[in-house]
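S.K.: okay, structure incoming, though there's no sequence with it:
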């Protein structure tokens, strides 16, 4: 592109950025294509002019929308816009792609600009050798904080927390705290409350910034602070942390180690990501779709889904084994082969409904040992009501269509029976797995499907054999 064309291109870029987002705050396809076309043409000036006005989260989205093979060229074109905030917002797989192309000292520079929790999120996905090189390039204080965080289990409060917080002694006055905040430039600037600690650095209370601003300087912090607080153990699972934030409407919370010392804090903006992540994981695990990330390498997706399908194969074979016992009935009345799929399918749908409710209840601590029996009775009543209703409708419908009273009775009773099985399996399977510390979102659907398919075929064909349903009646 010539020098005379550059100003015109930049002007076009400025016009383009006015409509870069659609009504749902998503990058428009034409905007993404305009950026990629500029990169392909070697026009980094235009590409940069298009990308520069974007929010860091939108820049991260741009890279996620860019095909894998074109991301490196885009990163080179807008390298000076790829700051720490962009990497913090980026999808894990996309971020890993870009980090692989950077030198360890460049990754260290990005990590040093982030809060500890965001820096850990970047470094923990690197290979062990790359982690060591990046950590070696960090400032000693940053390295120590990140190494400590990496020592905690994955998806724990220790990984999630940030060390940048404000803590003051309980014997200080409000004036002391204000002077401290104003006199130390190295303190973090993003916080909502101050933690008050004793001499052993144990948190004894919290104080909102608004209280400090509205309280006379001579008042003691111990007289202003709120002593009731929710403390998060450093090894607590992040899902349990999110539940505490939701239950107690927290904005931030102190994280303590085994001795009760204040070691970090967790803020609500991190919890929003955790809630979204955990909710998505449970849904995807029920279907066996793995992480369900469209940026995940195909080989990982194939391996996860194929493993799940192979696990389901024995349950399908069990259903076929049940059917084999009734070859004579099916041969005598071929209509049974068409209708038995309806029984198992309706039971499967009912089981999935119950399973989704129960898994969610377990995940949110709504279902505990104290109300499990009540939940079982509740779902049994629902299954019985739905089963009777569907059984009557299907029985009457089949009577009208095929004019067979025996078939109508068998069809309706099989629907009722399989709904009851589905309701009980949908509760008992996830509850039992949870009692054995097995994630019910991972394995429940396999067993529920096995019960509804096998019992659906068994009830329908068994009742058909019992009532002597055949093609000549």
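M.R.: Arrived safely. Treat the numbers as computed from the prediction; the structure is a model and nothing was measured. Residues are numbered from 1 along each chain as shown.

S.K.: pull the residues that contact whichever strand or helix holds residue 195.
M.R.: Using DSSP states H and E, residue 195 sits within strand 193-197. By C-beta atoms under 8 Å, 6 or more residues apart in numbering, the surrounding residues in contact with strand 193-197 are 165-170, 177, 203-209, 212, 221-222, 225, 251-252, 254, 262, 265. Yep, even glycine has a C-beta here, placed from its N, CA and C like the rest.

S.K.: just the buried ones from those?
M.R.: Among these, those classed as buried by 16 or more other C-beta atoms under 10 Å are 165-166, 168-170, 177, 203-207, 212, 221-222, 225, 252, 254, 262, 265.

S.K.: how far is the strand holding residue 195 from where the chain is centred?
M.R.: 31 Å (C-alpha atoms, centre = their mean, to the nearest Å).

S.K.: what's the next helix or strand after it in contact with?
M.R.: The helix or strand immediately downstream of strand 193-197 is strand 203-208, counting by DSSP H and E. Residues from elsewhere that reach strand 203-208, judged by C-beta under 8 Å, 6+ apart: 167, 170, 177, 192-198, 221-222, 224-227, 229, 231, 254, 256, 262.

S.K.: now do stretch 325-339
M.R.: Contacts of stretch 325-339 (C-beta under 8 Å, 6+ apart): 323, 398, 402, 407, 411, 460-462, 464-465, 469-471.

S.K.: so, low pLDDT: which residues of the stretch 301-450 of the chain?
M.R.: 301, 304-306, 308-309, 312-313, 316 (pLDDT under 70).

S.K.: picking up where we left off before, with neighbour count, distance to residue 105 and secondary structure added, can I get the contacts of stretch 325-339 in JSON lines?
M.R.: Formatted as JSON lines, these follow (neighbours: other C-beta atoms under 10 Å; distance: C-beta to C-beta, whole Å; DSSP: H, G, I helix; E, B strand; the rest coil):
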{"residue": "323", "neighbour count": "19", "distance to residue 105": "64", "secondary structure": "helix"}
{"residue": "398", "neighbour count": "21", "distance to residue 105": "74", "secondary structure": "helix"}
{"residue": "402", "neighbour count": "13", "distance to residue 105": "77", "secondary structure": "helix"}
{"residue": "407", "neighbour count": "23", "distance to residue 105": "76", "secondary structure": "helix"}
{"residue": "411", "neighbour count": "27", "distance to residue 105": "71", "secondary structure": "helix"}
{"residue": "460", "neighbour count": "29", "distance to residue 105": "68", "secondary structure": "helix"}
{"residue": "461", "neighbour count": "25", "distance to residue 105": "69", "secondary structure": "helix"}
{"residue": "462", "neighbour count": "18", "distance to residue 105": "71", "secondary structure": "helix"}
{"residue": "464", "neighbour count": "25", "distance to residue 105": "74", "secondary structure": "helix"}
{"residue": "465", "neighbour count": "17", "distance to residue 105": "75", "secondary structure": "helix"}
{"residue": "469", "neighbour count": "23", "distance to residue 105": "77", "secondary structure": "coil"}
{"residue": "470", "neighbour count": "16", "distance to residue 105": "80", "secondary structure": "coil"}
{"residue": "471", "neighbour count": "12", "distance to residue 105": "80", "secondary structure": "coil"}
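
S.K.: farthest-separated two in these?
M.R.: Spanning the widest gap among the contacts of stretch 325-339 are 323 and 402, at 20.9 Å by C-beta to C-beta.

S.K.: residue 326 and residue 203, how far apart?
M.R.: According to C-beta to C-beta, to the nearest Å, residue 326 and residue 203 sit 67 Å apart.

S.K.: circling back to that earlier point, check which residues of the strand holding residue 195 are buried.
M.R.: Buried residues in strand 193-197, counted by 16+ other C-beta under 10 Å: 193, 194, 195, 196, 197.

S.K.: Serialize those residues to JSON lines and add fields for pLDDT.
M.R.: Shown next, in JSON lines, are the buried residues of strand 193-197 (pLDDT from 0 to 100):
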{"residue": "193", "pLDDT": "92"}
{"residue": "194", "pLDDT": "95"}
{"residue": "195", "pLDDT": "97"}
{"residue": "196", "pLDDT": "97"}
{"residue": "197", "pLDDT": "97"}
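
S.K.: nearest to residue 275, of these?
M.R.: For those, the residue nearest residue 275 by C-beta to C-beta is residue 193; the value is 20.9 Å.

S.K.: and the closest one, how far from residue 209?
M.R.: Counting by C-beta to C-beta, the gap from residue 193 to residue 209 is 7 Å.

S.K.: with residue 189 instead?
M.R.: With C-beta to C-beta as the criterion, residue 189 and residue 209 are 12 Å apart.

S.K.: over to residue 46?
M.R.: Distance, residue 46 to residue 209, by C-beta to C-beta: 44 Å.

S.K.: got it, and residue 458?
M.R.: Taking C-beta to C-beta, one finds residue 458 at 65 Å from residue 209.

S.K.: go on, residue 453?
M.R.: Look at residue 453 and residue 209: by C-beta to C-beta, they are 58 Å apart.

S.K.: got it, and residue 274?
M.R.: 24 Å.

S.K.: try residue 370
M.R.: 39 Å.
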